[in-house]
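1. build me a structure from this.
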Amino acid sequence: MFFRRLASTLGLWALVAAGLWSQQAWAYVGLVGLLTLLSTIEYFQMLKQSGTKCFPRFGIGLALAYCGLLYWLLLGDGKLGSGGGVSLPADYDGAAVFLAAAGAFTLQLRHPLRGLEPLQTVAFTVLGFVYVALSFNFTARLVFLVPGDGQVPGAMMLLWLIAVTKFTDMGAYITGSMIGKRKMIPHVSPGKTWEGFFGALFFAQLAACGLFAMMPNKLAALGGWPHVIALGFILALLAVVGDLAESIVKRSLGAKDSGRMLPGIGGALDLIDSLCFTAPVLYFYLKWVTL
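-> As a prediction, this is how the structure comes out:
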């Protein structure tokens, strides 16, 4: 299991490195879009396999439409700007969430009412959009948030985010496997331990501070060492919560993994679950605090 997980992790880092090397904005949003689509499909497949009612075609179609318009705006092909760095409409996400809820309720009108089933159907459908498509796409927005030269001015910021998030996951796994004894939240994830949790915090600081020390100029948008250390802890906590959030989804639906795409890791949703929680927070922290 360890070596399968290691091989998958190295392969994923190779993809990230290829995107950084290309310095092409379309490569970044393309990878984010692919992972969004795969993760959304996996989410609705888990619902379907568990017998849970939902509207998968609507949910997947809405995710595709949301990503398509978002990337069109970010890449500068729309009327709001050119060359990236475009300011999205303030109500873009609100309109998307409204469309998700209104669309799901409209589709439910065709089906009979059986207890709480209609509300659960609508809720699970809307959750799939908010949890995956909306949250994970803050990774794409992050690339265009940070001022700088080139097509992908925030490339190093995205790398920093991925490193801190994945080092958190790796630290929890390694520390928990080696010395983990005290169960953290056994009713949600039996394998998580408090030793692994503190290992996750330590590894997150290694990544956060280590990369900032190596590239202070390219990561200047972080605002200096106090912000780097604070964000290291904040993102580590959210990465753990994000991992446990997906555990809640999988255990509720009776699924071990979201898919089988990545040996030792699982599916695409297993890969991005933590980033769905860390990317929005880093985006808003930079936008509201340091930039």
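2. ok, the residue lying farthest from the centre of the chain to Leu282 distance?
-> Within the chain, the residue lying farthest from the chain centre (C-alpha atoms, centre = their mean) is Pro112, at 35.0 Å. Per C-beta to C-beta, to the nearest Å, Pro112 is found 44 Å from Leu282. For every residue, glycine as well, the C-beta is placed using N, CA and C.
3. which element is Lys192 on?
-> strand 189-193 (DSSP states H and E).
4. who's in contact with that strand?
-> The contact list for strand 189-193 (C-beta atoms under 8 Å, 6 or more residues apart in numbering) reads 172, 176, 180-186, 243-244, 247, 251.
5. how about those in CSV, adding secondary structure and neighbour count?
-> Output for those, formatted as CSV (DSSP: H, G, I helix; E, B strand; the rest coil; neighbours: other C-beta atoms under 10 Å):
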residue, secondary structure, neighbour count
Ala172, helix, 29
Gly176, helix, 21
Gly180, coil, 20
Lys181, coil, 8
Arg182, coil, 9
Lys183, strand, 13
Met184, strand, 19
Ile185, strand, 15
Pro186, coil, 10
Asp243, helix, 22
Leu244, helix, 17
Ser247, helix, 17
Arg251, helix, 14
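6. who are the contact partners of Lys218?
-> By C-beta under 8 Å, 6+ apart, the neighbours of Lys218 are Met156.
7. tell me the SS of it?
-> coil (DSSP: H, G, I helix; E, B strand; the rest coil).
8. what's the answer for Lys256, then?
-> coil.
9. do you know how far it is from Arg57?
-> Where Arg57 is concerned, Lys256 sits at a distance of 25 Å (C-beta to C-beta).
10. what segments of the stretch 151-291 of the chain are helices?
-> 155-179, 194-214, 225-253, 268-272, 275-285 (DSSP state H, counting those that start in this stretch).
11. coming back round to it: farthest pair in the contacts of strand 189-193?
-> Lys181 and Arg251 (22.0 Å; C-beta to C-beta).
12. which of the helices of the stretch 151-291 of the chain sits most buried?
-> Most buried of the helices of the stretch 151-291 of the chain by mean neighbour count (mean count of other C-beta atoms under 10 Å) is helix 268-272; its value is a mean of 24.
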